[in-house]
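Enquirer: just coords:
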């Protein structure tokens with residue numbers, strides 16, 4: 001099972017967003033189970049669970065983990081193909097965000113468009129690398145910092161911009177034969193503060209939950 005996988009197909013995205021099927025995916029991410037085993041957990045008849053499992057299987061979201069005999073019946077044990085899923089903007093290709101339409105380094109919506117492109121591009125790269133059975137060279141840095149004031153934050157961003165720009169100028173080799181272009185995305189945004197002590201993404205938050213934002 002993969003830790004995370006990306007959904008690019010619109011129909012697969014629609015299937016995964018169905019509340020019942022999303023619940024089945026969460027159950028199967030915890031371990032293989034049959035339709036009969038899942039029926040009691042989700043409160044549906046076994047035949048109805050089977051219907052949903054077949055839809056998930058058609059789109060590669062679940063797969064056969066094995067079979068077992070139970071009386072005169074052979075049960076299919078299914079498992080999720082990943083522990084978690086991300087829907088790529090390719091699933092809404094006609095209306096996917098395009099950060100090249102406008103550039104505003106201080107715009108939260110432009111940052112969102114950059115994030116969407118990151119999901120789309122890395123998802124496509126993972127798909128291609130998996131098919132080619134090759135490793136994908138990537139790097140990510142994640143951290144948090146508390147600024148004493150808005151002025152300190154502005155100074156940090158100024159230094160960050162200067163430092164990253166200097167590195168790009170130093171290592172950029174546009175005429176290098178056999179070289180490969182890489183995209184660099186650096187983001188700074190307020191930390192979303194939540195009063196939910198349980199970080200389990202399968203349990204989620206109340207639909208009325210409003211995150212507390214740093215207003216500095």
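Expert: Structure received. Treat the numbers as computed from the prediction; the structure is a model and nothing was measured.

Enquirer: Residue 105 falls within a strand, correct?
Expert: No - Residue 105 is assigned coil when assessed by DSSP: H, G, I helix; E, B strand; the rest coil, not a strand.

Enquirer: count of residues packed around it?
Expert: Close neighbours of residue 105, defined as other C-beta atoms under 10 Å, add up to 10. Placement of C-beta: from N, CA and C, glycine included.

Enquirer: cool, residue 80 as well?
Expert: Neighbours of residue 80 (other C-beta under 10 Å): 25.

Enquirer: Can you verify my assumption that it contacts residue 65?
Expert: No - the pair residue 80 / residue 65 is not scored as a contact, 9.5 Å apart, by C-beta atoms under 8 Å.

Enquirer: Would you point out which residue is most central in this protein?
Expert: Centrality entry for the chain: nearest residue to the mean C-alpha point is residue 86, 3.0 Å, by C-alpha atoms, centre = their mean.

Enquirer: Would you confirm that that one belongs to a strand?
Expert: Yes - applying three-state DSSP, one finds residue 86 inside a strand.

Enquirer: Would you mind giving the domain segments of the protein?
Expert: As given by automatic domain parsing, the domain ranges for the chain are 5-85, 94-138, 139-197+209-216.

Enquirer: Out of the ones you listed, which one sits most buried?
Expert: Among the domains of the chain, domain 5-85 has the highest mean neighbour count (mean count of other C-beta atoms under 10 Å), at a mean of 16.

Enquirer: rewinding a little: dump the domains of the chain to TSV, plus mean pLDDT.
Expert: Converted to TSV, these look like this (pLDDT from 0 to 100):
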stretch	mean pLDDT
domain 5-85	93
domain 94-138	92
domain 139-197+209-216	87
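
Enquirer: Could you give the separation of stretch 73-85 from the chain centroid?
Expert: 20 Å (C-alpha atoms, centre = their mean, to the nearest Å).

Enquirer: show me the contacts for the residue lying closest to the residue nearest to the centre of the chain once chain neighbours are set aside.
Expert: Using C-beta to C-beta, 6 or more residues apart in numbering and skipping the chain neighbours, the partner closest in space to residue 86 is residue 6 (5.0 Å). Contact analysis of residue 6 by C-beta atoms under 8 Å, 6 or more residues apart in numbering lists 85-88, 119, 122-123, 126-127.
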